[in-house]
Structure formats: structure tokens, C-alpha cells
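Asker: One predicted model, sequence on top.
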Amino acid sequence: MFDALSGKLTGIFDRLKRRGALSEADVSEALREVRIALLEADVALPVVKDFIAKVREGAVGEAVLKSVTPGQQVVKIVHDALVEMLGPAAPGLNLAASPPVIVLMLGLQGSGKTTTAGKIALRLKDRDRKRVLLASLDTQRPAAMEQLATLADRAGVISLPIVPGQRPVEIARRALDEARRGGFDVLVLDTAGRLAIDETLMAEVAEVASVARPHEKLLVVDAMTGQDAVTVARAFHEKVGVTGIVMTRMDGDARGGAALSMRAITGAPIRLVGVGEKLDALEDFHPDRVAGRILGMGDVVSLVEKAAATIEAEDAEKLAAKIQKGSFDLEDFRKQLGQISRMGSLQGLLGMLPGVGKIKAQMAEAKLDDKVIKRQIAIIDSMTKAERRRPDIIKASRKKRIAAGSGTRVEDVNRLLKQFDDMTTMMKRVQKMGQKGLLRQGLSGLLPGGMNFPGGGRRPF
């Protein structure tokens, strides 16, 4: 998400920072390019106009243009304006109400509304320790109720029993009664969607809202829909009022304009974002972190959070001890690969690192594919315990057997073993240098001599 926009904005501001002193004309030219980049990213025109006006007001003042680093100052002003456009920061759901807290799911058919209802139920159960009841009011789409019941089973929550022939309002009343009598903390009502906005849909949603009186009215919007998402948001907000947005497919390659326009159009914050198909692929939305990623600053905080949520502290301590002893083996390597795989896609993880936007071409050439990790795990899984613990015994005949068992080639097995050798070599250097030596020499001290850049510096990795 935001890749194209991020690339354009990074290029604009890099040129601005290289100029040193700036004139008002320089800033105006840069803002004209920013305006075009935002429009091409499907940001709504009124939102773009307000954004550019706000940035111009702050960027052309004497304090900025005559500062020591005017280019950096302009970038900061743009960053702050992006945060304001995307904000306010309101991650998660507002559950500050007497139970059962009613959450009403709104959106068009195909926006990912029903799946998001299941994701929210899992999140509330696991993270907030809430007792959740899921209820489908979708009497229009074939098997919609059965789909929600299946998702409830996967999430480990209760779904309202299906009674054929009931109208959405009748189902809502039954769900409210069941939630109260059953002592549920949260009731999630999944309304029907349509392929497009129509009066029948809006009347039905409004009637359900008046009966259920939901504490949260969440509009689920597919980030891939571009300008259409703005029309949908405006229609739902005018009819029933929206308290929060959930953006789905934020891991896709859409232009991102819908996410940038939602807050301005509805006045409601983006609360959650869907970042994959799995039931746990739902994350809080942080405007400051997204703004940083758009401007090529990365999102190291989210990367660290992902790692902390995935890697067990006890496992990390065991691994550190094995590295200290020099006993790191292929079983440990396999655990590391599994943890990386659970954290998300490689492209997504690398996108959180500062400056990665500038090397997108090299990343594309490297063909970073999540299948590579799965293939490497399959290769290790095809080895015997002895081979994992003592990779040096893996010779030609063993390599053929491992390749056949993992559905790969001998070349792939060789590549994995070379990767492992490089890693263990680096670990031995870390052990030999110690903390002081590592701080003194940096990463260049971990590599063999002779690996220098043309300018004389060592390769950092």
C-alpha cells in the first residue's frame, strides 16, 4: 500500500533537500508535484486542496525558508499534515459502554465486511478477553449466515443460531435478547451489503441501527476501490453516522487514496486495518506511522511490535545462549525462518524499514518471495535430526535425498547450506569480537577483508 505515492513523494523531497537554500517558488513547484501525486493516488480532490493549502501556509514562512535545513523543515510540515489528515489516533474499538456493547458492521458487498466481523471477534476474545456473540443480518447474499457461523467457529466464539425467514430487524432484536440473557460483553451485527449504494440498503441499515442503537458503527472499506470508497463513506455517514473506519486489503498494491480521504470525508477515525486473509491479520491504525511510511521514513515501531508479538522471550534467550556457545544449528535456523514467516510477508516487513523505498528496483530484481522461506523450511524438514544438528555430514547423496523429499533441487539445498554457513561465520565473529569490538568496528568488522566499496568503505552487509 502507498508504494507508488511513497516513491513519488520521496523523489520530490529528495530533490528539495539537495537544493540547500529554498525560495517560495521552489516550495510552490514541489507542492504542485505533491498535488499531482496525491490526485494520481486517488485522494479526493477536496481533501487534496485542503492538504496543499495547509502545507503551503506552514512551508513558505520566513522561519522555514531561511532555516539551516529548509528542505527537512518542509518534509516535517508535510509529515504533520499527513498525520492530521489520517488522524486522530484512535486504534482499536471503543468499548466504553455497558455490556453488551453493540458493534454494527457496515459496507458494500465484497468489501470484506463479514470476514472483518470474524477478525474483530477473534481480536476481542484473545486480546481483550471479551465474550463475543456474532450475528448475521445478511438475508440477501447466499450462504452469508453460514459463512459467519464458520468464521465464529474458527475464532472460537458463539454465533447466533440461524432461523430461516426472519427479517434483519427481527434477527437484530433476537440477537440483542440473546446477548443480554447470555451475559455477552460484545455483540457484533453483520449487516447485508449490496453491489452498490441503493435506497433499500440504506433504509434497512437505518432501521437496524434505530433498533440496535450500536455503540460502534464501523464502515468496512476495501482500500482497492479508490474514489468509489469516498462515495460509499459519504452515503453511509449521512444515513446512519459512522464512528470508525476499517480499511481492508491494506497489504495490497492499491494507490492508497481511499485511506487518505476517509477521515476528511466522514470525520470518523480509521480504527483498524486488514493486512491479510488470515483471521488474525487485523491491526491497529497509527496515523503517525503510516505518514512515516508514505514519506520513506519507515515504521520501525510496528516492526518491533510484530517481532515482540511473534518471538517468545524464552526462545530468544535460548537462542542467544546457543549463539554464545557457538552451537547454533539448522533446527535453530528453522525456528528463525518460522518466526519470520509468522510476522508477515517479506515485502511488508521490508517496507517498514527507513529508506527501503529508494531501493525498490533492487528489491524487485532480488525477487523477494515468501515462497522462498517456505521452500527453505521444507528443505530443513526433509533432513534427519542428525543432519540438522551436524550439517557438515550432508554430502552429495544426502543432498539428492533431501531435494527429492522437499520437492526442490540440489542447487536449492546448496544455497540453503551456504546461507547457514555465512550466518554461523558471522555469529562466530560476533562471539570473538565481543560487545566492545562490535561497537568499535561496526558491522564491517563481521565481514572478511577485501569486501570494500569503490570509495574505500566496507560493505555494510
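Answerer: Alright, I've got the coordinates.
Asker: So residue 126 versus residue 196, what's the distance?
Answerer: Shown here: residue 126 relative to residue 196, a distance of 35 Å by Cβ to Cβ, to the nearest Å. Bear in mind the C-beta positions are built from the backbone N, C-alpha and C, glycine included.
Asker: Give me the three-state assignment for residue 246.
Answerer: With DSSP: H, G, I helix; E, B strand; the rest coil as the basis, the three-state label of residue 246 is strand.
Asker: Enumerate every residue touching it.
Answerer: Taking Cβ atoms under 8 Å, 6 or more residues apart in numbering as the definition of contact, the neighbours of residue 246 are 116, 120, 218, 219, 220, 221, 270, 271, 272, 273, 274.
Asker: which residues does it bridge with?
Answerer: The partner list for residue 246 in beta bridges (DSSP bridges) reads residue 220, residue 272.
Asker: Let's test this: mean pLDDT of the helix or strand harbouring residue 12, rounded?
Answerer: In this structure, residue 12 sits in helix 3-18 according to DSSP states H and E. The average pLDDT for helix 3-18 rounds to 75.
Asker: Buried residues in the next helix or strand after it, which are they?
Answerer: Sequence order places helix 24-40 as the next helix or strand after helix 3-18, per DSSP H and E. Within helix 24-40, the residues that count as buried by 16 or more other Cβ atoms under 10 Å are 26, 27, 30, 31, 33, 34, 35, 37, 38.
Asker: Spatially, which two of these are the most separated?
Answerer: Comparing all pairs in these by Cβ to Cβ, the longest separation belongs to 26 and 38, at 18.9 Å.
Asker: Name the residues that touch stretch 274-281?
Answerer: Stretch 274-281 is contacted by residues 112, 115-116, 118-119, 122-123, 151, 154-155, 246-251, 282-283, 344-345, 348 when judged by Cβ under 8 Å, 6+ apart.
Asker: I meant stretch 44-54, not that one.
Answerer: Residues outside stretch 44-54 that contact it (Cβ under 8 Å, 6+ apart): 31, 34-35, 38-39, 43, 81-82, 84-85, 227, 230, 257, 260-261, 264-265.
Asker: For the buried ones among these, write the corresponding PyMOL selection.
Answerer: One line in PyMOL is enough to select the buried ones among the contacts of stretch 44-54; burial here means 16+ other Cβ under 10 Å:
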select buried, resi 31+34+35+38+43+81+82+85+230+257+260+261+264+265
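Asker: Among the contacts of stretch 44-54, name the ones in helices.
Answerer: Secondary-structure check on the contacts of stretch 44-54 using DSSP state H: residues within helices are 31, 34-35, 38-39, 81-82, 84-85, 227, 230, 257, 260-261, 264-265.
Asker: Name the residues of the host helix or strand of residue 400 that come out as buried.
Answerer: Taking DSSP H and E as the criterion, residue 400 maps to helix 396-406. Applying a neighbour-count criterion of 16+ other Cβ under 10 Å, the buried positions in helix 396-406 are 399, 401, 402, 403, 406.
Asker: want to throw the residues you listed into CSV with pLDDT and distance to residue 236?
Answerer: Compiled in CSV, the buried residues of helix 396-406 are given as follows (pLDDT from 0 to 100; distance: Cβ to Cβ, whole Å):
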residue, pLDDT, distance to residue 236
399, 93, 59
401, 93, 59
402, 92, 55
403, 92, 54
406, 90, 49
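Asker: if we can go back for a sec, output the contacting helices and strands for the helix holding residue 12.
Answerer: For helix 3-18, the contact count by 3 or more Cβ pairs under 8 Å, 6 or more residues apart in numbering; DSSP states H and E identifies helix 24-40, helix 70-86, helix 287-294 as packing neighbours.
Asker: at 6 Å what do you get?
Answerer: Using 3 or more Cβ pairs under 6 Å, 6 or more residues apart in numbering; DSSP states H and E as the contact criterion, the elements in contact with helix 3-18 are helix 24-40, helix 70-86.
Asker: And those helices, which one averages the lowest pLDDT?
Answerer: For those, mean pLDDT drops lowest on helix 70-86, to a mean of 81.
Asker: Alpha carbons of it, as CSV, please.
Answerer: In CSV, the C-alpha atoms belonging to helix 70-86 read as follows (Å, rounded to 0.1, in the frame of the first residue of the first chain):
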residue,chain,number,x,y,z
PRO,A,70,14.6,24.2,4.9
GLY,A,71,14.1,21.0,2.9
GLN,A,72,13.9,19.0,6.1
GLN,A,73,11.5,21.5,7.6
VAL,A,74,9.2,21.3,4.6
VAL,A,75,9.2,17.4,4.9
LYS,A,76,8.3,17.8,8.6
ILE,A,77,5.4,20.1,7.8
VAL,A,78,4.1,17.6,5.2
HIS,A,79,4.5,14.8,7.6
ASP,A,80,2.5,16.6,10.3
ALA,A,81,-0.2,17.5,7.8
LEU,A,82,-0.4,13.8,6.7
VAL,A,83,-0.8,12.7,10.3
GLU,A,84,-3.6,15.3,10.8
MET,A,85,-5.3,14.1,7.5
LEU,A,86,-5.1,10.5,8.6
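Asker: after that helix, next one along is what?
Answerer: Following the chain from helix 70-86 toward its C-terminal end, the next helix or strand by DSSP H and E is strand 101-106.
Asker: and after that following strand, which helix or strand comes next?
Answerer: Sequence-wise, the next helix or strand downstream of strand 101-106 (DSSP H and E) is helix 113-126.
Asker: what does that following helix rub up against?
Answerer: Outside helix 113-126, the residues within contact range by Cβ atoms under 6 Å, 6 or more residues apart in numbering are 105, 107, 130, 132, 134, 147-148, 151, 155, 157, 186, 188, 190, 193, 220, 246, 279, 282.
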